[in-house]
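Undergrad: Kindly generate the corresponding structure for this input.
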Amino acid sequence: MITLSNPIERLALFSSIPPEDTSPPISAPATPSPSDNLAPLPPHQTESPAWLTHLPRPFLRPPSGAIIRRHLASELTQHWTEIEELLHIFGNDIIPLLRELTRRGEILLDPRKTLRSDSRHYQNQLYARALESALSSSDAPAATLLPPPVANVDVASHDHVALRERSTLLELDRIDAQSARFLYYPGRIFDSAHGRHIVISYSDDNATRGAFDVGDIIVEPFLGDDITSPQRRVVVELIASPSASLIPEKRFLGDLPIGLGHFPVQCMLHHRATLRLAPHTHTIRQRIYSRDETSQAPRLRTRALGIFPNIDPASALTLAEARLLCAALRAVLPLLYRGSDTAIGTTLHLCDLPPNTSPPSNHLLSPTDAIYVFDLHSDGNGASQTIERDGITPMLHLAQNLLANLSSPATLLNIYDEWDTPLSPDTLDEALTGLLTWLTRHLHAHIGGAP
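TA: Below is the predicted model:
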């Protein structure tokens, strides 16, 4: 069941495309009220597609049951793993198996002592790794042997950093190290079980070394009601693979094709500024610029689903239209998949464009320019692969519903657009009209049922 308080999400789910005219108003009122940006057009009552009743969908999670042992075998045979982590992931029922394998000498043990910066006491840890002799030679279950490992299993990263409060050194969370700065950008205000906090620095900065572990994200309590949105560029580089092609595949979801491809990628983050917005009107209160980049841009090696909107020259998006589409996709993804706000990143990437430059808003995207939906975890977390499996049709239809019922896209861009150059109201109106036309030509009309 979905409980919505965000008016933009309500527009995407519960509004439909106007049957006679999908064009938005060309000009906004001369003196709009703060709520005008979110006011929908008169509602058009139609029967909701059946797939809406099953939202949000889950991502693929680690399996349960007997196949867990095959994942345990992959974990134990590929690297050293701390016993406490194994029990946390696979449960206490693996203890008898580990005890028997250790008794027979088929698991190597490595006791280690660690001293955390926030503790005065040493911690005893025990790391384990299994020998090949601990593996069964067949799929037949054996109480005292590990089954064959899962083929081509993606091993999760063991490189984590702490989200830590500066004054108390309280550890709020532990997150993947490579994707940490993509999620917790400078000046981000976020809510957790410990209250509202704001990101102030990172422990590898010279001013904060010594008090925290290297890589820790340092936060402070925040008492204001602001919300934040980043302005940044994410440069995406495709990584060649012997078994995969870097050429997107044409998919016909309507009259014209869209290019799709699932690739291993490397993402480089160039943060420009952080916007502070009013909580209800989403107007910009403050723009906080990042300091000059003197260090190497954060990098994340992961997997991404590329959406190539201009693979067919018969219908091409401009930069302004692509920015609107990317912002709409960021808005609707949390409605489709649980946890996508922390599991998925979305970026518009223009090939051969330096990160500190921007073409004009009417610049036509090339066939190699794309919107990338990438996993916010080193080596991938399965999110982008799940979207590729389910298809992008539901995502595009929700974005179309949202865009067709916005009276003005300015608020949508304030919250969800990460591009760092402003667009004029006239340019926004033209871009919204062009994007709705593009969506109509690339998507078949919904008639209910599964997409």
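Undergrad: Show the contacting residues for the residue nearest the centre of the chain.
TA: For the chain, the residue sitting closest to the mean C-alpha position, by C-alpha atoms, centre = their mean, is Ile344 at 1.3 Å. Residues in contact with Ile344, defined by C-beta atoms under 8 Å, 6 or more residues apart in numbering, are 333, 337, 373-376, 383-384, 387. Quick note: C-beta positions are derived from backbone N, CA and C, even for glycine.
Undergrad: And the pLDDT for it?
TA: At Ile344 the predicted local distance difference test score is 91.
Undergrad: go on, Ser16?
TA: Ser16 carries a pLDDT value of 66.
Undergrad: Surely Ser74 is in a strand?
TA: No. For Ser74, which was evaluated using DSSP: H, G, I helix; E, B strand; the rest coil, the result is helix, with no strand membership.
Undergrad: How many neighbouring residues does it have?
TA: Each residue near Ser74 was counted by other C-beta atoms under 10 Å, and the total is 19.
Undergrad: out of everything not next to it in sequence, what's closest to it?
TA: Among residues not flanking Ser74 along the chain, Pro149 sits closest, at 4.0 Å (C-beta to C-beta, 6 or more residues apart in numbering).
Undergrad: just to revisit the earlier point, is the residue nearest to the centre of the chain bridged to anything, and to what?
TA: Beta-bridge partners for Ile344, by DSSP bridges, are Asp375.
Undergrad: With Arg164 instead?
TA: Arg164 has these beta-bridge partners by DSSP bridges: Glu171, Ile218.
Undergrad: So it is in contact with Ile175, correct?
TA: No. Look at Arg164 against Ile175 with C-beta atoms under 8 Å: they stay out of range, at 11.1 Å.
Undergrad: any shared contact partners between these two?
TA: Jointly contacting Arg164 and Ile175 under the rule C-beta under 8 Å, 6+ apart are Ile217.
Undergrad: For the two, work out which one has more neighbours and name it.
TA: Arg164 (22 against 18).
Undergrad: Tell me the spacing between that one and Leu172.
TA: Applying C-beta to C-beta, to the nearest Å, the value for Arg164 to Leu172 is 7 Å.
Undergrad: Mutual contacts of those two, please.
TA: Residues touching both Arg164 and Leu172 comprise Val219, with contact defined as C-beta under 8 Å, 6+ apart.
Undergrad: can you map out the helices along the stretch 251-400 of the chain?
TA: Using DSSP state H, counting those that start in this stretch, the helices found in the stretch 251-400 of the chain span residues 319-336, 340-343, 383-390, 393-404.
Undergrad: Tabulate those helices (a markdown table), appending mean neighbour count and distance to Leu55.
TA: Supplementary listing: the helices of the stretch 251-400 of the chain in a markdown table, determined by neighbours: other C-beta atoms under 10 Å; distance: least, C-beta to C-beta, whole Å:
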| stretch | mean neighbour count | distance to Leu55 |
| --- | --- | --- |
| helix 319-336 | 24 | 6 |
| helix 340-343 | 18 | 11 |
| helix 383-390 | 20 | 11 |
| helix 393-404 | 23 | 8 |
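Undergrad: Lys110: neighbouring residues, count only.
TA: I think there's a mix-up here, since residue 110 is Asp and not Lys. As a burial measure, Asp110 scores 11 neighbours (other C-beta under 10 Å).
Undergrad: any idea how far Asn124 is from it?
TA: Counting by C-beta to C-beta - Asp110 and Asn124 are separated by 12 Å.
Undergrad: does the residue nearest to Ser74 sit in a helix, a strand or a coil?
TA: Secondary structure assignment for Pro149 (three-state DSSP): coil.
Undergrad: List the contacts of it.
TA: With contact taken as C-beta under 8 Å, 6+ apart, Pro149 is in contact with 70-71, 73-74, 77-78, 135.
Undergrad: Repeat that for Leu300.
TA: Neighbouring residues of Leu300 by C-beta under 8 Å, 6+ apart: 178-179, 182, 266-267, 269, 374, 376, 378.
Undergrad: which residues touch the closest residue to Ser290 other than its chain neighbours?
TA: Using C-beta to C-beta, 6+ apart and skipping the chain neighbours, the partner closest in space to Ser290 is His271 (4.9 Å). His271 makes contact with 181, 185-186, 230-232, 290, 293, according to C-beta under 8 Å, 6+ apart.
Undergrad: lowest confidence element among the helices and strands of this structure?
TA: Evaluated with mean pLDDT, DSSP states H and E, the helix-and-strand set of the chain has its lowest mean pLDDT in helix 7-14, which scores a mean of 70.
Undergrad: Compute the inter-axis angle for that one and helix 393-404.
TA: Here helix 7-14 points in a direction 120 degrees away from that of helix 393-404 (axes from the mean of the first three to the mean of the last three C-alpha atoms, to 10 degrees).
Undergrad: same for helix 7-14, what does it pack against?
TA: Secondary-structure packing of helix 7-14 (3 or more C-beta pairs under 8 Å, 6 or more residues apart in numbering; DSSP states H and E): helix 319-336, helix 393-404, helix 410-416.
Undergrad: In it, which residues are buried?
TA: Of the residues in helix 7-14, those buried under the neighbour-count criterion (16 or more other C-beta atoms under 10 Å) are 7-13.
Undergrad: for those, which one is nearest Ser358?
TA: Using C-beta to C-beta, Ile8 is the member of the buried residues of helix 7-14 that sits closest to Ser358, with 25.0 Å.
Undergrad: Give me the nearest residue to the closest one, chain neighbours excluded.
TA: For Ile8, ignoring the flanking residues on the chain, the nearest one in space by C-beta to C-beta, 6+ apart is Ala331 at 5.4 Å.
Undergrad: likewise Thr427?
TA: Spatially, and ignoring its direct neighbours in sequence, Thr427 is nearest to Ser361 (5.1 Å; C-beta to C-beta, 6+ apart).
Undergrad: Was I right to think the one you found contacts Leu423?
TA: Yes. With contact defined as C-beta under 8 Å, Ser361 reaches Leu423; the gap is 5.8 Å.
Undergrad: Now the common contact residues for the two.
TA: Common contacts of Ser361 and Leu423 (C-beta under 8 Å, 6+ apart): 320, 431.
Undergrad: Tell me the one among the contacts of His271 nearest to Phe222.
TA: Using C-beta to C-beta, Pro186 is the member of the contacts of His271 that lies nearest Phe222, at 13.7 Å.
Undergrad: which residue sits closest to Ser229, ignoring its sequence neighbours?
TA: Once flanking residues are discounted, Ser229 sits nearest to Leu275: 4.6 Å by C-beta to C-beta, 6+ apart.
Undergrad: Fine by me, thanks again.
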